[in-house]
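In: I would like the atomic coordinates for the input below:
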Amino acid sequence: MAARLVQRCCWRHFGAFVSAPSVLPASLLVPAGKVAMARASLQRPSALFHASSPSCWADGFSVKEQVDDSRNPEHKVIGELIETATSPQDLLQLGELHSLNSNQASLIITQLSRLAAEKKLQTENILQDERFQHLIAIVDSQISQVWNNTLVNLLKSLYSLGMDSDRRELQSVEQEVLWRLRRLTFRQLVSLAESLAIRQGKESKLLSEVIKKLELRWTELEGTRTVVTLMGRVGHVSPALMDRLEDKALELAEQFNPDDIRKVTLALAYQNRRCVPLLRALSYHLVQKHSELGLNVLMDLIFAYGKLNFHQPQVFQKIATDLQPHVATMTPIEVTRCIRSFALLKWLSLPLCEAIAQYALDNTRQLSVTHLSGIILSFARLNFQPSGSEDFFSMVHEELRPQLDTLEPHLLADLVWSLCVLQQAKAPYLQRVLAPDFHAQIRGDQSLKAQNLRLKLVHINAAARLESPDYRGPFLPAEMLSPVEPAGEKVTALQRSLREALAGVLGSQDNGRFDVRTVYGWQIDAEMVVNSENKPLPVKDFAAPHLLRSEGTKPLPPGARRVAFLRWEFPNFSNRSKDLLGRSAMARRHIQAAGFLVVDVSR
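Out: This next block holds a predicted model:
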């Protein structure tokens, strides 16, 4: 490798003193060996220097080189044969019929890669063909003479054909590209980075060097296509480059078409980059300029907004309105993705949800248990009850009951919990998840996933006790009902205000409890007991069935009531709505069913 570098430097100095060769075209029908002999006899002595010309011939993909090549009739004909070839055999035969230079051999390999991709051919046969090996040998022997653009395409083609990364010839091409990076155009660097990111990933040394060059030359960024391509394919490799790309995308946001906006938002979502100024700009232009959006654009946009938890009501309303006519023709997985994304965003669009409920009724046979469960989970989060709930849930029970034993435990618990939210959990569902053999698997497990499952089982147990009078068991054992202290909960401004206001009302600390963790899995922000004249009484004196261990034993006096203050913050509500989400609505129902007079506290 060092010898080649020295040779290149030497030729670079000689190149200024040596005149260009004059080569006369040979007959295309003459065998390859005779063509080579004819060329050698017609070259001037000075042409010998250029026969192994260094990369000074190839450092720039110049117009002059292209013009010189196009003036040579033989080269022109070979170029046309390469472009018009329709099969790998046609291309491989060119190496047998003609004496090729490294540029022509590189072009043939590039065309082979294109044909293999278009026709979905087995690349192993191409790589093992002796004629292909001959092409690679030509390129390897004259690698420094390959033009820049051809060299970049050659490397991409070798990756596409699946050449072994340990092959010396591939490493030689990679090294040549590495040497020339400084002289590649910005567009060539972008093309190279895109290919390397797909084929080799972050560990590629060549990709790292290409990224460095792109970071240094980021001011050359122009055109929406380049920005969109880099953000989607390369941005995840370099946060510094992604910062520049976001700035450029913000500058070009007005020029983006809907598909560009889709790709940019997806790139941000996959990289978890919540660039608020860019998202706001894209949202504005999406609503103001683009009246009609395709299904793929709509689906990917709502997915990206959901993943980034970025709330833009005008965009959500537009997407929901535009999606509704498409629902009937969507696939089950598209329907599930759609409603799940809206549920993540806490955006309840009644017409869209009604359309999805009708879709489930009309396409029951096409919906798998997983798809149907996904729809139920999303409806529960949004606290949505279809207008034809009787027909809808009859279908749900008919499809789900026979499949309960086939569901993964966490999905089964989520499904039954969601049915509890929607007040549709029948005895078979409750019995399945409250059975000892079901919750035995998480006893002693302190992982976050197990703790979440345990809390949902406590909620299901509460629904069974408080909202299912005909249910006879089983129920969770007492040790499963002990509350888990949340880690690092911050006191909110509303919570602080509630405590300050109640301090004056209660008169004494004995007359109230704060942050009460119940056996139902729900937290009461403040609790008090009032007599028939609405005067507070000491809460510790009375039996408290909602607590795991009650401090008092006395029953409530006649006319006395328990009062629960429940604090509702912004995350408890649907987006831009005063309606509670499913989880909060179920909590309120359970506390009320436990005998409390509920006082809702919100801003």
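
In: Domain-wise, how is this structure divided?
Out: The chain breaks down into these domains under automatic domain parsing: 2-184, 185-273, 292-406, 493-602.

In: Ser468: which of these is closest?
Out: When those are compared by Cβ to Cβ, domain 493-602 sits nearest Ser468, at 10.6 Å. Any C-beta I mention is one placed from the backbone N, CA and C, and that applies to glycine too.

In: average model confidence for whichever strand or helix holds Val529?
Out: Per DSSP states H and E, Val529 falls inside strand 523-530. Average pLDDT, strand 523-530: 94.

In: Flag every buried residue along that strand.
Out: Of all the residues in strand 523-530, those buried under the rule 16 or more other Cβ atoms under 10 Å are Gln523, Ile524, Asp525, Ala526, Glu527, Met528, Val529, Val530.

In: Within its sheet, name the partner strands of that strand and how each one runs.
Out: strand 512-517 (antiparallel), strand 536-537 (antiparallel), strand 561-568 (antiparallel) (DSSP bridges).

In: Could you save those strands as JSON lines and add columns showing distance to Leu206, mean pLDDT and mean neighbour count?
Out: Converted to JSON lines, those look like this (distance: least, Cβ to Cβ, whole Å; pLDDT from 0 to 100; neighbours: other Cβ atoms under 10 Å):
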{"stretch": "strand 512-517", "distance to Leu206": "57", "mean pLDDT": "91", "mean neighbour count": "18"}
{"stretch": "strand 536-537", "distance to Leu206": "74", "mean pLDDT": "92", "mean neighbour count": "18"}
{"stretch": "strand 561-568", "distance to Leu206": "55", "mean pLDDT": "95", "mean neighbour count": "20"}
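
In: Select, out of those, the one closest to Pro325.
Out: strand 561-568 (34.9 Å).

In: How far away from the center of its chain is that closest one?
Out: On the basis of Cα atoms, centre = their mean, to the nearest Å, strand 561-568 is displaced by 41 Å from the centre of the chain it belongs to.

In: Now do the very next helix or strand once past it: everything it contacts.
Out: Going down the chain from strand 561-568, the next helix or strand is helix 582-593, by DSSP H and E. For helix 582-593, the surrounding residues in contact (Cβ atoms under 8 Å, 6 or more residues apart in numbering) are 379-383, 418, 420-422, 459, 462-463, 466-467, 518, 520, 522, 524, 564, 566, 568, 572-573, 580, 598, 600.

In: picking that back up, relative to Pro428, which of the domains of the chain is closest?
Out: Once the domains of the chain are compared by Cβ to Cβ, domain 292-406 is nearest, at 6.0 Å.

In: that older thread, quick one: buried ones out of the contacts of helix 582-593?
Out: Among the contacts of helix 582-593, the ones that count as buried by 16+ other Cβ under 10 Å are 379-383, 418, 420-422, 459, 462-463, 466, 518, 520, 522, 524, 564, 566, 568, 572-573, 580, 598.

In: which residues sit in contact with Leu250?
Out: Applying Cβ under 8 Å, 6+ apart, we find Leu250 in contact with Pro277, Leu278, Ala281.

In: Tell me, how many residues neighbour the closest residue to Ile302 other than its chain neighbours?
Out: Leaving aside its sequence neighbours, Ile302 sits nearest to Ser341 (Cβ to Cβ, 6 or more residues apart in numbering; 4.3 Å). By other Cβ atoms under 10 Å, 22 other residues sit near Ser341.

In: For the helix or strand that contains Ser341, the averaged confidence score.
Out: Per DSSP H and E: Ser341 is located in helix 332-344. Averaging pLDDT along helix 332-344 yields 95.

In: Can you list the buried residues in the helix or strand just after that helix?
Out: As assigned by DSSP H and E, the chain's next helix or strand after helix 332-344 is helix 350-362. By 16+ other Cβ under 10 Å, the buried positions in helix 350-362 come out as Leu352, Cys353, Glu354, Ala355, Ile356, Ala357, Gln358, Tyr359, Ala360, Leu361.

In: I figured the second one hits Asn383, correct?
Out: No. Between Cys353 and Asn383 there is no contact under Cβ atoms under 8 Å: 10.6 Å.

In: excluding its backbone neighbours, what's nearest Val416?
Out: Tyr429 (4.6 Å).

In: where's that neighbour, which helix or strand?
Out: Using DSSP H and E, the element containing Tyr429 is helix 427-434.

In: elements contacting that helix?
Out: helix 409-421, helix 448-467 (3 or more Cβ pairs under 8 Å, 6 or more residues apart in numbering; DSSP states H and E).

In: Could you check the angle the very next helix or strand once past the longest one makes with strand 512-517?
Out: Next in sequence after helix 448-467, counting helices and strands by DSSP H and E, comes helix 493-506. Counting by axes from the mean of the first three to the mean of the last three Cα atoms, to 10 degrees, helix 493-506 points 140 degrees away from the direction of strand 512-517.

In: packing partners for helix 493-506?
Out: strand 512-517, strand 523-530, strand 561-568, strand 596-602.

In: What are the contacting residues of the second one?
Out: For strand 523-530, contacts defined as Cβ under 8 Å, 6+ apart pick out 495, 498-499, 502, 506, 511-518, 536-539, 542, 546, 556, 560-567, 591, 596, 601.

In: again, only using 7 Å
Out: 495, 498, 502, 506, 511-518, 536-537, 539, 542, 556, 560-567, 591 (Cβ atoms under 7 Å, 6 or more residues apart in numbering).

In: By mean pLDDT, which helix or strand of this structure comes out lowest?
Out: helix 47-51 (a mean of 33; mean pLDDT, DSSP states H and E).

In: The residue nearest to Val416 contacts Ser418, correct?
Out: No. Contact criterion Cβ atoms under 7 Å: Tyr429 and Ser418 do not qualify, at 10.2 Å.

In: picking that back up, format the strands paired with strand 523-530 as CSV; extra columns: distance to Pro258.
Out: Listed next are the strands paired with strand 523-530 as CSV, based on distance: least, Cβ to Cβ, whole Å:
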stretch, distance to Pro258
strand 512-517, 48
strand 536-537, 60
strand 561-568, 37
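
In: Identify whichever of those strands lies nearest to Leu301.
Out: When the strands paired with strand 523-530 are ranked by proximity to Leu301 (Cβ to Cβ), strand 561-568 comes first, at 29.6 Å.

In: what angle separates the closest one from helix 582-593?
Out: Angle of strand 561-568 versus helix 582-593, following the same axes, to 10 degrees, is 170 degrees.

In: ok, residues contacting strand 561-568?
Out: So strand 561-568 is contacted by 494-495, 498, 524-530, 580, 584, 588, 591, 595-602 (Cβ under 7 Å, 6+ apart).

In: on that earlier part again, single out the most deeply packed of the helices and strands packed on helix 427-434.
Out: Mean neighbours per residue, mean count of other Cβ atoms under 10 Å, is largest over the helices and strands packed on helix 427-434 for helix 409-421, with a mean of 22.
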